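**Student:** structure for this input, please:
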Amino acid sequence: MRTVLAVTIALALCAPLAARAAQTDPSADLNQMVSSYQQVRVVRVVERFEDGTAATVDVMPSGQVRVAGNRNLDPALVVQIATHPVPNLNAAGSTYTTKAIGVKTLDGVKVSGYSVTSADGSYSESVWVNEQHLPVYADVKTQGHTISVQYGDYGNLMLIGMN
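**Tutor:** Residues are numbered from 1 along each chain as shown. This is a model prediction of the structure:
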């Protein structure tokens, strides 16, 4: 009888915490991710396009980028995706909708997923973010392309020859 009472009390006390934890604000979470991403000194981004072509982009301090890959790719699109993991959700007139899509494990890392979609359907993205608020993986559909994006080597100064 005491066990049932203890469990009932525990559930009553923890239920509001669980409900509050489930009520995330996807836009705020994505803004936190953008802020964290802007603080990174260097990151390697690998973008794989639907036709099998790929680009590797090293994003370095001061906004410098180094792109390696197929020359037939649109360099502006490749750099845009590498330097801005999601569109500017706070821009005046922004018509993007965001929603949380769940939690899963990618390569042994717990990640939270979010979707970003433009009102006119010209842009959609599913992005997975780690506990440090940094993007790990994304699927982007824009400008007639479907792009799988993998983010990694955060802070690896060897990518830019710094010790």
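**Student:** now do the contacts for the closest residue to residue 87 other than its chain neighbours.
**Tutor:** The shortest distance from residue 87 to any non-neighbouring residue, by Cβ to Cβ, 6 or more residues apart in numbering, is to residue 96 (6.0 Å). No exception for glycine: its C-beta is placed from N, CA and C like everyone else's. With contact set as Cβ atoms under 8 Å, 6 or more residues apart in numbering, residue 96 has these partners: 87, 89, 116-119, 123.
**Student:** bridging residues for the residue most central in space within the chain?
**Tutor:** For the chain, residue 135 is the residue whose C-alpha lies nearest the centre (Cα atoms, centre = their mean; 3.4 Å). With DSSP bridges as the criterion, residue 135 is bridged to residue 129.
**Student:** what about it, distance to residue 57?
**Tutor:** 13 Å (Cβ to Cβ, to the nearest Å).
**Student:** just to revisit the earlier point, pull out the buried members of the contacts of residue 96.
**Tutor:** 87, 89, 116-117, 123 (16 or more other Cβ atoms under 10 Å).
**Student:** which of those has the weakest pLDDT?
**Tutor:** Checking pLDDT across the buried ones among the contacts of residue 96, the minimum falls on residue 89 at 89.
**Student:** OK, contacts around that residue?
**Tutor:** Residue 89 neighbours (Cβ under 8 Å, 6+ apart): 27, 30-31, 96, 98, 116.
**Student:** for residue 142, same thing?
**Tutor:** Residue 142 sits next to 77, 122-125 when contact means Cβ under 8 Å, 6+ apart.
**Student:** widest-spaced pair of the residues you listed?
**Tutor:** Within the contacts of residue 142, 77 and 124 form the most distant pair, 14.9 Å apart (Cβ to Cβ).
**Student:** in the sheet, who's paired with residue 116?
**Tutor:** residue 98, residue 125.
**Student:** and it, how far from residue 108?
**Tutor:** In terms of Cβ to Cβ, residue 116 sits 25 Å off from residue 108.
**Student:** go on, residue 114?
**Tutor:** 20 Å.
**Student:** the contacts of residue 142 into TSV, with extra columns for distance to residue 140?
**Tutor:** Below are those laid out as TSV (distance: Cβ to Cβ, whole Å):
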residue	distance to residue 140
77	9
122	12
123	8
124	8
125	5
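**Student:** most neighbours among those, which one?
**Tutor:** residue 125 (23 neighbours; other Cβ atoms under 10 Å).
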